[in-house]
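Chemist: Build me a structure from this.
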Amino acid sequence: MAVRDRTVLYSQPGALPPQALEELITKIRAVDLTDVRRRAAAGAADRR
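Modeler: Numbering: from 1, shown residues only. As a prediction, this is how the structure comes out:
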C-alpha cells in the first residue's frame, strides 16, 4: 500500500520486484494530489 498525504494511491497485495517498486515510487511522487482530491470529490458528488 502506498499513501501520500493521507490519500491511498496504491493498494495491491504482494511484493514488487525492485524495478517495479522504483517505478511505483517515481509515479507516486509525480501525482498531483490536488487533482486526485478534486476528482474524488467529483466522483463522490456523482454518486449522491
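
Chemist: State the phi and psi torsions of the spatially closest residue to Tyr10 that is not a sequence neighbour.
Modeler: In space, and not counting its chain neighbours, Tyr10 is closest to Ala2: 3.9 Å by Cβ to Cβ, 6 or more residues apart in numbering. Every C-beta, even on glycine, is put in place using the N, C-alpha and C of the backbone. When read as degrees, to the nearest 10, the backbone of Ala2 gives phi -120, psi 130.

Chemist: ok, the residue nearest the centre of the chain to Arg47 distance?
Modeler: With distances taken as Cα atoms, centre = their mean, Leu9 lies nearest the centre of the chain, 1.7 Å away. When distance is defined by Cβ to Cβ, to the nearest Å, Leu9 is 21 Å away from Arg47.

Chemist: need the contact list for the closest residue to Ser11 other than its chain neighbours.
Modeler: Nearest residue to Ser11 in three dimensions, chain neighbours excluded: Met1, at 4.9 Å (Cβ to Cβ, 6+ apart). Met1 sits next to Val8, Tyr10, Ser11 when contact means Cβ atoms under 8 Å, 6 or more residues apart in numbering.

Chemist: what's next to the helix or strand harbouring Glu22, contact-wise?
Modeler: For Glu22, the element it lies in under DSSP states H and E is helix 18-30. By Cβ under 8 Å, 6+ apart, the list of residues contacting helix 18-30 from outside reads Ala2, Arg4, Leu9, Tyr10, Leu16.

Chemist: Show me what the mean pLDDT comes to for it.
Modeler: When pLDDT is averaged over helix 18-30, the result is 97.

Chemist: Now find how far off-centre it is within its chain.
Modeler: Its chain's average C-alpha position is 11 Å from that of helix 18-30, according to Cα atoms, centre = their mean, to the nearest Å.

Chemist: Stretch 11-28 too?
Modeler: 12 Å.

Chemist: for stretch 1-16, same thing?
Modeler: With Cα atoms, centre = their mean, you get 7 Å for stretch 1-16.

Chemist: before we move on, what about stretch 21-36?
Modeler: For stretch 21-36, the distance to the chain centre is 7 Å (Cα atoms, centre = their mean).

Chemist: And for stretch 41-48?
Modeler: That offset, for stretch 41-48, works out to 18 Å (Cα atoms, centre = their mean).
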